[in-house]
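In: Next come a sequence and a model predicted from it.
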Amino acid sequence: MPLFLNDEQAMLADTAKDFVAEHAPVSHLRKLRDDHDETGFSPALWKQFAEMGFTGILIPENDNGLGLGHVEAGIVLEEIGRNLSPSPFLTTAVAAVSALQGSAQRDRWFPAILSGDSVAALAIDEHAKHGGCIAMKAERSGNGFRLSGTKQFVAHGHVADLILVAARTAGSPQDKEGITLFAVSKDSTGMSVDPRRLADSSLASHMTFDNVEVDADAVIGEVDQGGTVLNRLLAAGRTGAAAEMLGVGSGAMDLTVNYLRERKQFGVHIGSFQALQHRAAHLYSELEVARAAILKAQQLLDGGSEGAEQAVSVAKAQIGLATTLAVQEGIQMHGGIGMTDEYDIGFYMKRGRVLAELFGDANYHANLLAEASGY
């Protein structure tokens, strides 16, 4: 499969680029931060995303969505990353939609996601780093379950209408089996949320579930077999996060290259210095390699390939390294001004750092690939 966009995808890319740049540029993030916004994103902008059809990209046509794929979702996410646009698109329209496909819950939540009336959050992690054990308990209670435990770093958890919760219905915390995924409504009794401000000014919550009662219909997939749905959710989330990071890295590189063209030192533009040219060329090459890895992972996911999960780990690790390089080089090549709040490059560094940790950093995915190869 060719590693470039077809004509329809290129048209979507042009549309998304113009829309996000106009309605959610970096200045939008600055305003939310300076206003100490407690939502973390603009609900009005989320409704505009729905009006553009973006929220229905991964929703099947039979459910009134566009029936497109991860390549198309990644196109939108790249522009979100390029403009540092605060948005629940990744958690809601990509990860949650991927998990809900084929489940009875889709009839309830897909229309609200399509219209931009609902936001979803992912209560997966329980520790400081992604990929730890799942100890949260889900015990049988009448015709349903009782959830007890805590989750950390739940993006949009304080405003989400739907929370997808991974809990243990069998086995020990370290077991990969015995996990069940639940769709929990925001108005469930016994659930408390403590939102925290992250480095990039976004909000993620520590959530406590104190005997939260859910009925059997809240189960997504099969009891004790939630690992299958969880893996689908994570594959979509990781690929989406990689696409958004690509936008962050590309946006940082664009800022840096423009600065090299404009800034003068000793009477000449610093972009004429060969050492800086070499560094910029190296950065461009790293980002293009990562772009190819991401597009390949998206294509394999859309095709249902058996090798998709490994391709996703390659993409997440590769772009994690490339975006880190992009923001670090951006800061350095801007010089002292790059460390100030006046210039946008620092915002790219912060967003890149948060996305690098989301759904596992480069070291986590390198280890997954090593284990898959028998190391």
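Out: Received it, and whenever you're ready, just let me know what you need. Remember, it's a predicted structure, so these values are computed and weren't measured experimentally.
In: Run through the helices of the protein in chain order.
Out: Residue ranges of the helices in the chain, as given by DSSP state H, are 7-23, 26-34, 43-51, 70-82, 89, 97-100, 106-114, 226-262, 274-302, 308-334, 345-357, 362-372.
In: Could I get those helices in CSV, plus columns for mean pLDDT, mean neighbour count and distance to G132?
Out: C-beta coordinates here come from the backbone N, C-alpha and C atoms, glycine included. CSV is the format used below for the helices of the chain (pLDDT from 0 to 100; neighbours: other C-beta atoms under 10 Å; distance: least, C-beta to C-beta, whole Å):
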stretch, mean pLDDT, mean neighbour count, distance to G132
helix 7-23, 97, 15, 34
helix 26-34, 95, 16, 30
helix 43-51, 97, 16, 31
helix 70-82, 98, 26, 26
helix 89, 98, 23, 26
helix 97-100, 97, 26, 20
helix 106-114, 96, 19, 27
helix 226-262, 96, 23, 13
helix 274-302, 96, 18, 24
helix 308-334, 96, 24, 17
helix 345-357, 96, 23, 13
helix 362-372, 94, 15, 10
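In: and E61, which of those helices is closest to it?
Out: helix 106-114 (11.7 Å; C-beta to C-beta).
In: could you dump the helices of the chain to JSON lines with distance to L147?
Out: Formatted as JSON lines, these follow (distance: least, C-beta to C-beta, whole Å):
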{"stretch": "helix 7-23", "distance to L147": "36"}
{"stretch": "helix 26-34", "distance to L147": "32"}
{"stretch": "helix 43-51", "distance to L147": "27"}
{"stretch": "helix 70-82", "distance to L147": "29"}
{"stretch": "helix 89", "distance to L147": "27"}
{"stretch": "helix 97-100", "distance to L147": "17"}
{"stretch": "helix 106-114", "distance to L147": "18"}
{"stretch": "helix 226-262", "distance to L147": "13"}
{"stretch": "helix 274-302", "distance to L147": "29"}
{"stretch": "helix 308-334", "distance to L147": "27"}
{"stretch": "helix 345-357", "distance to L147": "25"}
{"stretch": "helix 362-372", "distance to L147": "26"}
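In: So in terms of bridging, what pairs with the residue lying closest to S148 once chain neighbours are set aside?
Out: Setting aside the residues directly before and after it, S148 is nearest to K137 in space (C-beta to C-beta, 6 or more residues apart in numbering), at 5.0 Å. When bridges are called by DSSP bridges, K137 pairs up with S148, R168.
In: so how far is V165 from K137?
Out: 11 Å (C-beta to C-beta, to the nearest Å).
In: who's in contact with F41?
Out: Contact analysis of F41 by C-beta atoms under 8 Å, 6 or more residues apart in numbering lists L32, P86, S87, P88, H156.
In: I'd say G330 and V257 touch.
Out: No. G330 lies out of contact with V257 (C-beta atoms under 8 Å); the separation is 9.4 Å.
In: Pull out the buried residues from the contacts of F41.
Out: L32, P86, S87, P88, H156 (16 or more other C-beta atoms under 10 Å).
In: hang on, the earlier thing: so which of the contacts of F41 are in strands?
Out: Of the contacts of F41, none are assigned to strands by DSSP state E.
In: Format these as TSV; extra columns: distance to S250.
Out: Putting the contacts of F41 into TSV (distance: C-beta to C-beta, whole Å) gives the following:
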residue	distance to S250
L32	22
P86	18
S87	17
P88	22
H156	24
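In: Much appreciated, bye for now.
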